[in-house]
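**Q** Predicted model, plus sequence, below.
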Amino acid sequence: MRRTIAVFLALVLAGCSHSAAPPTATVPSALPVAEGGLGAAPQSPSPSSSKAAPCTIFPADNVWHADVSKLPVSRDSAAWVASIGATTKTHPDFGNGYGIPVTTIPAGQAKVKVTFTYADESDPGPYPVPKNAKVEGGANADGDRHVILHDPAGCKAYELYDAHPNADGTWKAGSGAVYDLRGNALRKAGWTSADAAGLPILPGLPRAEEAAAGKVDHAIRFTAPKTRKSYIWPARHAASDSADAALPPMGARFRLKASVDIAKFPPQARAVAQALKTYGAILADNGSPWYFSGTDDPKWSNTQLDALKTLKGSDFEAVDSSLLMVEPNSARCRP
């Protein structure tokens, strides 16, 4: 296998903290749409995980927390950036009054029945959806209508797509997924989730409290208008009919170039921009070009976040994230 100096340095310098996995062979960066599920990977607990440990949004060795600042640029980077829009301005699709709200549920929250349109690729209920669960876009929204439930006591995330409450307290949704936040299991290959890429949504949302602390320590979810009918790790699902190699597959990871000056950005925008440099962004759904997701929270300053709108597609580059993979059915990544 041919190895360049750049790849060698990437293996040494890039990746996740606390992962002790031995090096494994590099796998092809693109996977076709899976025919049939390979099954969920067994839970891969972090060495620091224990029942007494606080609940984090996935372990430190999870791919969402991977530092991609030293990974080599993907050979498809220029084509993928061009397909999304090299001159198109980026857009923070979150802030005070818009974004994807997160409902934090208390211990012992009662579970209710949820029926699914795509039941064959959804985790069955019941789900602990409270009556006051926040819906993306509001109660009368006609968009994706995500419902994201964070259960710190149980250390789980429950996520619904196209969620609608019924009069009797039950819910109906397009699809749903449940995640153990202390593990690194991925969904079955070929399965969707509450997101088109079959990925969790919660870990890809910048939160106002992170920005206030000065550090967003994870990759950020984003959308592109056209994607390819394939997906790459850690994505599990594709949502396209096109085989055009110039289009990015679901799961493609991009980063803000190191050369982009963010020093004069206001604090909240600077924290998000730095996360885009260090942890990058993961393509998770079809949608508007360079729309980055985050929470709907009154603690965000929309004025500060507006600085992110000065960035454009050519400020980003795709990276070869396959170098982080330990094995294809786990989100755990190599050091």
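**A** Alright, I've got the coordinates.
**Q** residue ranges with poor pLDDT in the chain?
**A** 1-52 (pLDDT under 70).
**Q** how near is the residue nearest in space to the middle of it to His91?
**A** The chain has Gly204 as the residue nearest its centroid, 3.9 Å off, counting by Cα atoms, centre = their mean. For Gly204, the distance to His91 (Cβ to Cβ, to the nearest Å) stands at 15 Å. For every residue, glycine as well, the C-beta is placed using N, CA and C.
**Q** what's the answer for Gly85, then?
**A** In terms of Cβ to Cβ, Gly85 sits 11 Å off from His91.
**Q** Need the overlap of contacts for those two.
**A** Trp290 (Cβ atoms under 8 Å, 6 or more residues apart in numbering).
**Q** on that earlier part again, what is the neighbour count of the nearest residue to the residue nearest to the centre of the chain once chain neighbours are set aside?
**A** In space, and not counting its chain neighbours, Gly204 is closest to Arg221: 3.2 Å by Cβ to Cβ, 6 or more residues apart in numbering. Counted with other Cβ atoms under 10 Å, the neighbours of Arg221 add up to 28.
**Q** If Arg221 is in a bridge, with which residues?
**A** Ile282 (DSSP bridges).
**Q** surely it meets Leu276?
**A** No - judged on Cβ atoms under 8 Å, Arg221 makes no contact with Leu276 at a distance of 11.6 Å.
**Q** hey, what's in contact with both of the two?
**A** Common neighbours of Arg221 and Leu276, using Cβ under 8 Å, 6+ apart, are Phe292.
**Q** which residues of the stretch 101-250 of the chain fall in strands?
**A** Using DSSP state E, counting those that start in this stretch, the strands assigned to the stretch 101-250 of the chain run over residues 102-104, 114-116, 147-151, 156-161, 164-165, 171-173, 175-180, 220-224, 230-231.
**Q** Do me a favour and get the end-to-end distance for stretch 167-184?
**A** 36 Å (Cα to Cα, to the nearest Å).
**Q** buried sites along that stretch?
**A** Neighbour counts over stretch 167-184 (16 or more other Cβ atoms under 10 Å) mark 171, 173-179, 181-184 as buried.
**Q** just the helices in the chain please.
**A** 5-13, 77-84, 208-213, 267-278, 302-305 (DSSP state H).
**Q** Could I get those helices in TSV, plus columns for distance to Asn62?
**A** Output for the helices of the chain, formatted as TSV (distance: least, Cβ to Cβ, whole Å):
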stretch	distance to Asn62
helix 5-13	18
helix 77-84	24
helix 208-213	16
helix 267-278	15
helix 302-305	26
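**Q** which of the ones you listed is buried the deepest?
**A** By mean neighbour count, with neighbours taken as mean count of other Cβ atoms under 10 Å, helix 267-278 ranks first of these at a mean of 21.
**Q** I'd like to check the angle between that helix and strand 220-224, please.
**A** Put simply, helix 267-278 runs at 80 degrees to strand 220-224, going by axes from the mean of the first three to the mean of the last three Cα atoms, to 10 degrees.
**Q** Could you export helix 267-278 as PDB, CA atoms only?
**A** Written as PDB, here are the backbone C-alpha positions of helix 267-278 (Å, rounded to 0.1, in the frame of the first residue of the first chain):
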ATOM      1  CA  PRO A 267     -16.800  35.100  20.800                       C
ATOM      2  CA  GLN A 268     -19.700  32.900  19.800                       C
ATOM      3  CA  ALA A 269     -18.900  32.900  16.100                       C
ATOM      4  CA  ARG A 270     -15.200  32.400  16.800                       C
ATOM      5  CA  ALA A 271     -16.000  29.300  19.000                       C
ATOM      6  CA  VAL A 272     -18.000  27.800  16.200                       C
ATOM      7  CA  ALA A 273     -15.500  28.700  13.500                       C
ATOM      8  CA  GLN A 274     -12.700  27.100  15.600                       C
ATOM      9  CA  ALA A 275     -14.700  23.900  15.900                       C
ATOM     10  CA  LEU A 276     -15.000  23.900  12.100                       C
ATOM     11  CA  LYS A 277     -11.200  24.100  11.800                       C
ATOM     12  CA  THR A 278     -10.500  21.500  14.500                       C
END
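**Q** which residues are in contact with that helix?
**A** Residues outside helix 267-278 that contact it (Cβ under 8 Å, 6+ apart): 67-69, 92, 206, 208, 210-212, 214-220, 255-258, 260, 262-263, 265, 292, 294, 300-301, 304-308, 311, 316.
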